[in-house]
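*Asks:* got a structure for you, letters missing:
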């Protein structure tokens, strides 16, 4: 039920209510983006046809490094 | 897209936890967490490190009460078109499910989300369409968003939305099980942020961590909780910061505030939990199926419906027993012939246990 899938915003309609997202591997869907502020190129989490949050792309890509740092910090402390 | 894979890091986390030589019991409240834990063998791996992780009342379909199932069945039998999520359709009521009455000719539609149900209403003006709205804070904003945009008058919802933090408080206060730490649901938290969990750490000294859904997310979550415990700390940490912030999704929270207000509600397996439901405000009552069809639902008003005979979903949802400890598990109760909702929903711990136990 609370499953949400990340997708990339590829096109937003004029009134900013709907957008097309690319889930990767060619799967594209129209979703409701009225609950978030997005621009083309943003990554969002999609749940039940709605974008529910914008993903922080930079932090997402850095996650493994941050995990490693957290582990080593703990070891040092 | 953004998958987290690093075997060495996973091994490092496990080694670190092992070194601490702990004996801890954590609870999460999310079917997707349970799926990751069982699918990737993390549950048994962490058990070997002294950490047991159980699923609490974290499956919206599972905590929907037998009475709510009877309400939607009665509305469908009275000739209304019922639309809801796939899992909900197969949950057995006292004698039938939406699926079984569909076979009798009643109009039951499976939808991906509430907007599909609104489209059915728009395209079938001669029909009364009722969306059975189940879900926690992740799903409720989609309902709020639709109600704020004047959907057609032949559309209404049977509201079953519930709030996670009051249920966590209830399960702690019931005191039936040991909970050393809570793993909070990542996608509920994208909406509400991390702040609404803080009182649990302050009032009950329970460490918490908001976690994502990759295997590494859950290993990190287990490590973060263990680390807090060994240091004597009890705070809310956020491991899923790529999607969750302190304040959550302000737009979604505003929509919820406009449409819903807190109310007391029964959850399957639980007594009434104070302020755990999102009740539709009177301004939107034209879309509230319980008000709109009060006369049809009257026979159910003061009735309570028991759990199916022998079903232990209540105890599974309170974390008292493991799915496999239910005498019906895998015998009388299977995904294709479920007795209780935890075996129906793909987020239910019995369904998850059965699926992967038979696959592995």
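*Replies:* Arrived safely, thanks for sending. Note that the structure is a prediction, hence the values are computed from the model and not measured.
*Asks:* same for the longest strand along chain A, what does it pack against?
*Replies:* Longest strand in chain A by number of residues (criterion: DSSP state E): strand A:5-12. Packing partners of strand A:5-12 (3 or more C-beta pairs under 8 Å, 6 or more residues apart in numbering or on different chains; DSSP states H and E): strand A:18-22, strand A:28-32, strand A:43-47, strand A:50-55. Where C-beta positions appear, they are placed from N, C-alpha and C, glycine not excepted.
*Asks:* relative orientation of that strand and strand A:43-47 in degrees?
*Replies:* Angle, strand A:5-12 to strand A:43-47, by axes from the mean of the first three to the mean of the last three C-alpha atoms, to 10 degrees: 110 degrees.
*Asks:* check the offset of strand A:5-12 from the chain's centre.
*Replies:* In terms of C-alpha atoms, centre = their mean, to the nearest Å, the centre of strand A:5-12 is set 8 Å apart from its chain centre.
*Asks:* who touches it?
*Replies:* A:18-24, A:28-29, A:31, A:33, A:38-47, A:51, A:55, B:1-2 (C-beta atoms under 8 Å, 6 or more residues apart in numbering or on different chains).
*Asks:* relative to it, what are the paired strands and their orientations?
*Replies:* In the sheet, strand A:5-12 lines up against strand A:18-22 (antiparallel), strand A:43-47 (antiparallel) (DSSP bridges).
*Asks:* let me see the ranges of the helices in the stretch 201-350 of chain B.
*Replies:* Per DSSP state H, counting those that start in this stretch, the stretch 201-350 of chain B carries helices over the ranges B:215-230, B:250-259, B:289-292, B:294-297, B:313-317, B:341-344, B:349-359.
*Asks:* the last one near chain A at all?
*Replies:* No. Helix B:349-359 stays out of contact with chain A when judged by C-beta under 8 Å from any C-beta of the partner chain, the minimum separation being 12.4 Å.
*Asks:* what packs against that helix?
*Replies:* Using 3+ C-beta pairs under 8 Å, 6+ apart, the elements in contact with helix B:349-359 are helix B:31-39, helix B:313-317, helix B:341-344.
*Asks:* try it again at 10 Å.
*Replies:* Where contact means 3 or more C-beta pairs under 10 Å, 6 or more residues apart in numbering or on different chains; DSSP states H and E, helix B:349-359 is packed against helix B:31-39, helix B:42-48, strand B:51-55, helix B:60-63, helix B:313-317, helix B:341-344.
*Asks:* just name the most buried of the ones you listed.
*Replies:* Mean neighbour count (mean count of other C-beta atoms under 10 Å in any protein chain shown) peaks for helix B:341-344 among the helices and strands packed on helix B:349-359, with a mean of 32.
*Asks:* before we move on, back to that, can you say which of the strands paired with strand A:5-12 is packed in most?
*Replies:* Most buried among the strands paired with strand A:5-12, given mean count of other C-beta under 10 Å as the contact rule, is strand A:43-47, at a mean of 23.
*Asks:* how far does it sit from its chain's centre?
*Replies:* Computed by C-alpha atoms, centre = their mean, the chain-centroid distance of strand A:43-47 equals 5 Å.
*Asks:* got the angle for it vs strand A:50-55?
*Replies:* Put simply, strand A:43-47 runs at 150 degrees to strand A:50-55, going by the same axes, to 10 degrees.
*Asks:* could you give the angle of strand A:43-47 to strand A:28-32?
*Replies:* If you take the same axes, to 10 degrees, strand A:43-47 sits at 80 degrees to strand A:28-32.
*Asks:* lowest-pLDDT helix or strand in chain A?
*Replies:* Across the helices and strands of chain A, mean pLDDT, DSSP states H and E gives its lowest value to helix A:57-76, namely a mean of 79.
*Asks:* touching chain B at all, it?
*Replies:* Yes. Using C-beta under 10 Å from any C-beta of the partner chain, we find that helix A:57-76 touches chain B at A:57-68, A:70-72, A:74-75.
*Asks:* select only the buried ones of these in ChimeraX?
*Replies:* In ChimeraX, a selection of the buried entries from the residues of helix A:57-76 next to chain B looks like this (16 or more other C-beta atoms under 10 Å in any protein chain shown):
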select /A:60,63,67,70,71
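*Asks:* what does the least confident helix or strand of chain A rub up against?
*Replies:* Residues from elsewhere that reach helix A:57-76 (C-beta atoms under 10 Å, 6 or more residues apart in numbering or on different chains): A:6, A:8, A:41-43, A:56, B:1-6, B:8-10, B:12-13, B:15-16, B:212, B:214, B:216-217, B:219-220, B:223-224, B:227, B:230-231, B:237, B:239-243.
*Asks:* go again using 6 Å as the cut-off
*Replies:* Contacting residues not belonging to helix A:57-76 are listed as A:43, B:2, B:4, B:6, B:12, B:220, B:227, B:241-242 [C-beta atoms under 6 Å, 6 or more residues apart in numbering or on different chains].
*Asks:* same question for stretch B:153-160.
*Replies:* Counting by C-beta under 6 Å, 6+ apart, B:64, B:68, B:72, B:118, B:121, B:128-134, B:280, B:287, B:289, B:292 sit against stretch B:153-160.
*Asks:* the longest strand in chain B is where?
*Replies:* Across chain B, the longest stretch assigned as strand under DSSP E is strand B:272-280.
*Asks:* on that earlier part again, packed most tightly, which of the helices of the stretch 201-350 of chain B would that be?
*Replies:* helix B:341-344 comes out most buried of those by mean count of other C-beta under 10 Å, with a mean of 32.
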